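Chemist: pasted the sequence and its predicted model underneath.
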Amino acid sequence: MKLTDQHIEQLYRFTRQHFVEHYDVQTELVDHLANDIEQIWEENPTLTFEQARENSFKKFGMFGFMTVVEKKQKQLGKKYRKIIWSYLK
């Protein structure tokens, strides 16, 4: 089963509710969740969207999206420091 535009909007809302503020990180997570939900539906088509979403979200572990957000912050911090150092030299 394929996700609808309404499902995608719900996934964006879901990421915002879990404290993912930046749109680029939300988009990465929504893409990951959408692909995983479709895979879950292939294995078990009787699940509702919410059940499949929760199953997918559980795979992120106890801290949910926070690990992904922290990694992205570190990555961007490193990139910006590199840019700043290139101007200071």
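Modeler: Here it is on my side, so go on.

Chemist: tell me the mean pLDDT over stretch 13-29?
Modeler: The average pLDDT for stretch 13-29 rounds to 93.

Chemist: just the CA coordinates for it, please, in PDB.
Modeler: C-alpha atoms of stretch 13-29 as PDB (Å, rounded to 0.1, in the frame of the first residue of the first chain):
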ATOM      1  CA  ARG A  13       3.400  16.700  12.100                       C
ATOM      2  CA  PHE A  14       4.700  13.600  14.000                       C
ATOM      3  CA  THR A  15       8.300  14.700  13.600                       C
ATOM      4  CA  ARG A  16       7.500  18.200  14.800                       C
ATOM      5  CA  GLN A  17       5.700  16.800  17.900                       C
ATOM      6  CA  HIS A  18       8.900  14.900  18.600                       C
ATOM      7  CA  PHE A  19      11.000  18.000  18.700                       C
ATOM      8  CA  VAL A  20      12.500  17.900  15.200                       C
ATOM      9  CA  GLU A  21      12.500  21.600  14.300                       C
ATOM     10  CA  HIS A  22      14.500  21.800  11.100                       C
ATOM     11  CA  TYR A  23      12.800  21.100   7.900                       C
ATOM     12  CA  ASP A  24      15.700  19.300   6.200                       C
ATOM     13  CA  VAL A  25      16.000  16.900   9.200                       C
ATOM     14  CA  GLN A  26      12.200  16.500   9.200                       C
ATOM     15  CA  THR A  27      12.300  15.600   5.500                       C
ATOM     16  CA  GLU A  28      15.000  13.000   6.000                       C
ATOM     17  CA  LEU A  29      13.000  11.400   8.800                       C
END
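
Chemist: how much space is there between the residue nearest in space to the middle of the chain and K89?
Modeler: By C-alpha atoms, centre = their mean, the chain has its centre lying nearest to L29, at 1.6 Å. Going from L29 to K89 by C-beta to C-beta, to the nearest Å gives 36 Å. For the C-beta atoms, the positions are set from N, CA and C on the backbone; glycine is no exception.
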